[in-house]
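>>> The following comprises the amino acid sequence and a computationally predicted model.
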Amino acid sequence: MAAPLFVAQLNEQIANEYAAHQQYVACAVYYDSQTLPQLAAFFYRQAVEERDHAMMMVQYLIDVDEQAVTPGVAAPQVAFEDVVAPIALALAQEKRVTEQINALAARARQEGDYSSEQFMQWFIKEQIEEVATMSDLLRVAERSREDVMDIEDYVEREHGAGEGEDPTAPHPAGAAAA
């Protein structure tokens, strides 16, 4: 059984992950509307990844016989001043999520909930990768602000095929049914 304070905080994080999903969809739609297919595809993939993170958390709560809450979320930002703005927003979002994930791991440890603490370790590793990816993309975008095709080329070269599944990732709820 998971610690009650951890469960409450994890349910809040599920909402945060769905909000991140929605924000990445909004970024992807913006890039699609600007005919930047590589950036659009990158952010659509990021959106699916955030949704999967929420579903991994849902599955964990199901597995430990706790109530998972399916939240509503606030509308994402949909207008951007230029092609760099969504990436800057994404980096800020990833840094915020990193703080939230670390707080969840800390809560589990404080509560002596070692199973939940172990569950959070994959997310800590994932956030390091996410912040690094968005930091690199932001540097490229800021440097290439006047030639967006350089940004597109970078995304295609570095992130075009997407990544394979991580065999160490927690199982998302509903994945077997898909």
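Now that the structure is in, tell me what you want to look at. Only a predicted model underlies this, so the values are computations on that prediction, with no experimental measurement involved. Numbers count the residues shown, from 1 in each chain.

>>> The most centrally placed residue in the chain sits in which helix or strand?
Compute the mean C-alpha point of the chain, and by Cα atoms, centre = their mean the closest residue is Glu50, 3.7 Å away. According to DSSP states H and E, Glu50 maps onto helix 37-63.

>>> The closest residue to Tyr60 other than its chain neighbours: neighbour count?
Spatial nearest neighbour of Tyr60, chain neighbours left out: Phe119 (5.5 Å); criterion: Cβ to Cβ, 6 or more residues apart in numbering. For glycine as for every other residue, the C-beta is placed from the backbone atoms N, C-alpha and C. For Phe119, the count of nearby residues is 22 (other Cβ atoms under 10 Å).

>>> List the buried residues in the helix holding Glu50.
By neighbour count on 16 or more other Cβ atoms under 10 Å, the buried set for helix 37-63 is 38-44, 46-47, 49-61.

>>> Over to stretch 130-144?
130, 133-134, 137-138, 140-141, 144.

>>> Downstream of the helix or strand encompassing Leu104, the next helix or strand is which one?
Secondary structure from DSSP H and E places Leu104 in helix 85-110. Note on helix 85-110: by DSSP H and E, the next helix or strand toward the C-terminus is helix 114-143.

>>> Show me what the mean pLDDT comes to for the helix or strand following that following helix.
On the C-terminal side of helix 114-143, the closest following helix or strand by DSSP H and E is helix 148-159. For helix 148-159, mean pLDDT rounds to 96.

>>> which strands and helices sit next to helix 148-159?
Contacts defined by 3 or more Cβ pairs under 8 Å, 6 or more residues apart in numbering; DSSP states H and E place helix 148-159 against helix 37-63, helix 114-143.

>>> Would you mind putting those into JSON lines with mean pLDDT alongside?
Supplementary listing: these in JSON lines, determined by pLDDT from 0 to 100:
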{"stretch": "helix 37-63", "mean pLDDT": "97"}
{"stretch": "helix 114-143", "mean pLDDT": "97"}
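
>>> Which of those sits closest to Glu94?
Shortest distance between Glu94 and the helices and strands packed on helix 148-159, using Cβ to Cβ, is found for helix 114-143: 4.6 Å.

>>> residues in contact with the residue lying farthest from the centre of the chain?
Centroid-distance maximum for the chain: Glu146 at 27.8 Å, with Cα atoms, centre = their mean. If you count contacts by Cβ atoms under 8 Å, 6 or more residues apart in numbering, Glu146 has none.
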